[in-house]
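Student: Let's see this in three dimensions:
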Amino acid sequence: MRILALMMLMVVGCGSGRKLTAEEEKVVGTYEGKKDGFTFRVVLLENGIVEFYNNGEKEEDDGKWKIIDGELHANDGISVGVLRKNKDNSITYIARIKDSKREEVPKEHQVPLKKIK
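Tutor: Below is the predicted model of the structure:
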């Protein structure tokens with residue numbers, strides 16, 4: 001398994017090649033939130049990759065993230081999750097963009113994810 005991971009790094013490359021902005025550097029880290037018995041975790045890596053976890057299980061596909069117009073956009077390959085950066089350093093999933101259409105998440109379903117690392 002480790003050999004496969006190393007081969008993937010050699011083929012794909014170790015990073016995105018994109019330098020983070022100062023604003024993006026501030027949000028790099030691990031965020032976690034809980035709602036209705038579920039634990040959600042989002043990991044924003046320095047190389048522009050985002051990892052998603054549900055109840056400790058890593059989602060199969062990683063995505064890419066960046067900040068656009070002050071909002072954090074996490075693209076999972078199917079849609080773009082839009083997260084608001086909060087004053088307390090947490091982030092909150094507030095909208096989804098799919099097929100160029102933005103759909104806001106109802107307030108009762110918005111879960112703040114606190115920065116834990």
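Student: Helix, strand, or coil at Glu24?
Tutor: Following DSSP: H, G, I helix; E, B strand; the rest coil, Glu24 is assigned to helix.
Student: Tell me how many other residues crowd the nearest residue to it once chain neighbours are set aside.
Tutor: In this structure, Glu24 finds its nearest non-sequential neighbour in Ile67, 5.3 Å apart by Cβ to Cβ, 6 or more residues apart in numbering. All C-beta atoms are positioned from the backbone trio N, CA, C, and that covers glycine. Neighbourhood size, Ile67 [other Cβ atoms under 10 Å]: 16.
Student: which residues sit in contact with Ile67?
Tutor: Residues counted as contacts of Ile67 (Cβ atoms under 8 Å, 6 or more residues apart in numbering) are Thr21, Glu23, Glu24, Val27, His73.
Student: In ChimeraX, how would I select the buried members of those?
Tutor: Buried subset of these, written as a ChimeraX selection, criterion 16 or more other Cβ atoms under 10 Å:
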select :24,27,73
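Student: For beta bridges, what are the partners of the residue nearest to Glu24?
Tutor: With DSSP bridges as the criterion, Ile67 is bridged to Leu72.
Student: Find the centremost residue of this structure, please.
Tutor: When the chain is reduced to its mean C-alpha position, the nearest residue by Cα atoms, centre = their mean turns out to be Val50, at 4.3 Å.
Student: Can you give me the pLDDT of the residue nearest to Glu24?
Tutor: On pLDDT, Ile67 comes in at 93.
Student: picking that back up, of the contacts of Ile67, which is the nearest to Lys114?
Tutor: Lys114 has its nearest neighbour among these in Val27, at 12.8 Å by Cβ to Cβ.
Student: Could you find the closest non-adjacent residue to the closest one?
Tutor: Excluding the flanking residues, the one nearest Val27 by Cβ to Cβ, 6+ apart is Leu44, at 5.8 Å.
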